[in-house]
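Trainee: Okay, structure incoming, though there's no sequence with it:
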């Protein structure tokens with residue numbers, strides 16, 4: 001990979017001259033500028049964006065901290081965040097933590113040193129005291145005690161809708177299937193909305209939760225199946241959890257939707273080639289992503305946002321599991 005020194009040598013100029021051409025700063029003769037540009041093109045030189053940001057004291061780099069790029073919801077979110085940043089002339093630095101707190105802390109330290117313009121973050125770990133407000137940040141689905149704006153879907157209403165749709169589909173005793181994150185997250189409102197609506201309608205219900213992350217996924221589902229054999233509806237905290245339940249239920253001889261109606265949450269399964277097509281509460285992923293970017297860029301310009309939580313409505317998408 002070519003370096004700035006290689007460009008300078010090929011163009012027959014000093015490194016500082018190449019830097020001024022790249023950053024469009026300072027006086028450079030047109031003929032010299034043309035030579036530098038030709039050398040850059042010939043060597044396919046790509047400037048070090050972090051170094052440029054440091055010198056110019058104005059970063060065009062935004063970091064995205066995700067628990068897992070593998071998860072379809074996070075992948076879709078990352079796609080729209082990058083697209084919105086690109087429209088605004090910013091670049092994306094992806095930080096995939098694997099859900100590990102020590103890796104998240106490492107990334108936050110690294111981001112402070114590299115002077116990124118801001119951070120969009122998703123974390124469910126107890127790192128409250130290590131998150132600095134020195135760097136503008138937007139959080140997805142997570143409240144911090146500090147003044148960090150949160151963008152989220154309407155999880156509580158999503159839970160209410162799921163309960164109503166299960167009852168409408170014929171469920172007499174639905175259950176919530178979920179997990180409890182280490183710190184408070186907006187996702188916990190999915191259960192609260194489900195329970196709230198069940199009480200209002202006078203519908204008997206069950207709730208099964210285990211701490212997140214799950215230590216033994218197979219045991220988690222087998223315990224649920226064995227403990228709640230009389231349920232006829234399931235609202236799972238995510239589409240992935242719903243899909244895994246359907247798989248385990250099939251192995252146990254339980255038919256979906258004949259024996260049990262199932263609704264997930266996220267709306268990650270859009271393609272009709274997937275079977276069965278999951279009934280789900282669809283998060284407005286694109287709107288969440290673009291909103292997060294727009295709010296973050298306002299913060300980078302020193303604007304004060306009018307509220308700390310931006311909640312975006314969800315919709316129900318009927319599939320083949322209800």
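Mentor: Arrived safely, thanks for sending. Computed from a prediction, not measured in an experiment: that's the story for all the values here.

Trainee: quick check, residue 63 in a helix?
Mentor: No. Residue 63: not assigned to a helix; according to DSSP: H, G, I helix; E, B strand; the rest coil it is strand.

Trainee: surely it meets residue 119?
Mentor: Yes. Residue 63 lies in contact with residue 119 (C-beta atoms under 8 Å); the separation is 4.7 Å. No exception for glycine: its C-beta is placed from N, CA and C like everyone else's.

Trainee: Who are the packing partners of the helix or strand containing residue 112?
Mentor: In the assignment (DSSP states H and E), residue 112 maps to helix 101-114. Packing partners of helix 101-114 (3 or more C-beta pairs under 8 Å, 6 or more residues apart in numbering; DSSP states H and E): helix 49-56, strand 61-66, strand 91-96.

Trainee: that older thread, who touches both of residue 63 and residue 119?
Mentor: Common contacts of residue 63 and residue 119 (C-beta atoms under 8 Å, 6 or more residues apart in numbering): residue 111.

Trainee: And this structure, what are its domain boundaries?
Mentor: 4-47, 60-153+285-313, 155-283 (automatic domain parsing).

Trainee: residue ranges with poor pLDDT in the stretch 201-322 of the chain?
Mentor: Flagging of the stretch 201-322 of the chain using pLDDT under 70 yields the residue ranges 270-274.

Trainee: any chance you could map the strands in the stretch 201-322 of the chain?
Mentor: All strands of the stretch 201-322 of the chain, identified by DSSP state E, counting those that start in this stretch, fall at 206-211, 233-236, 261-266, 279-282, 309-312, 315-317.

Trainee: Which among those is found nearest to residue 5?
Mentor: Nearest to residue 5, of all those, is strand 309-312, at 46.4 Å by C-beta to C-beta.

Trainee: hang on, the earlier thing: would you mind listing the outside residues contacting the helix or strand just after the helix holding residue 112?
Mentor: Following helix 101-114 in sequence order, the next helix or strand is strand 118-121 (DSSP H and E). Here strand 118-121 makes contact (C-beta under 8 Å, 6+ apart) with 62-65, 81, 111, 131, 135-140, 142, 292-293, 296-297, 299-300.

Trainee: and if we set it to 7 Å?
Mentor: By C-beta atoms under 7 Å, 6 or more residues apart in numbering, the surrounding residues in contact with strand 118-121 are 62-65, 81, 111, 135-140, 292, 296, 299-300.

Trainee: what's the answer for stretch 306-316, then?
Mentor: The contact list for stretch 306-316 (C-beta under 7 Å, 6+ apart) reads 147, 149-154, 157-158, 161, 165, 281-284, 287-288, 291, 295.

Trainee: Drop anything exposed from those.
Mentor: 149-154, 157-158, 161, 165, 281-284, 288, 291, 295 (16 or more other C-beta atoms under 10 Å).

Trainee: I figured residue 80 was touching residue 290, is that so?
Mentor: Yes. Counting by C-beta atoms under 7 Å, residue 80 does reach residue 290; the two are 6.1 Å apart.

Trainee: Tell me which of the contacts of stretch 306-316 fall in helices.
Mentor: 157-158, 161, 165, 287-288, 291, 295 (DSSP state H).

Trainee: looking at it, residue 249 is touching residue 260, isn't it?
Mentor: Yes. Counting by C-beta under 7 Å, residue 260 is a contact partner of residue 249 at 6.3 Å.

Trainee: higher neighbour count, these two?
Mentor: Using other C-beta atoms under 10 Å as the criterion, residue 249 and residue 260 rank with residue 260 on top: 23 against 19.

Trainee: was I right about that one contacting residue 233?
Mentor: Yes. Using C-beta under 7 Å as the test, residue 260 is close enough to residue 233 to be in contact (6.4 Å).

Trainee: could I get the ones in helices among the contacts of stretch 306-316 as a markdown table with distance to residue 222?
Mentor: Formatted as a markdown table, the ones in helices among the contacts of stretch 306-316 follow (distance: C-beta to C-beta, whole Å):
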| residue | distance to residue 222 |
| --- | --- |
| 157 | 32 |
| 158 | 27 |
| 161 | 29 |
| 165 | 26 |
| 287 | 38 |
| 288 | 34 |
| 291 | 40 |
| 295 | 43 |
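
Trainee: Need the residue closest to the centroid of the protein.
Mentor: residue 74 (4.2 Å; C-alpha atoms, centre = their mean).

Trainee: so it touches residue 68, yeah?
Mentor: Yes. Applying C-beta under 7 Å as the test, residue 74 and residue 68 come out as touching, 5.8 Å apart.

Trainee: JSON lines for the domains of the chain, including distance to residue 320?
Mentor: Below are the domains of the chain laid out as JSON lines (distance: least, C-beta to C-beta, whole Å):
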{"stretch": "domain 4-47", "distance to residue 320": "48"}
{"stretch": "domain 60-153+285-313", "distance to residue 320": "18"}
{"stretch": "domain 155-283", "distance to residue 320": "4"}
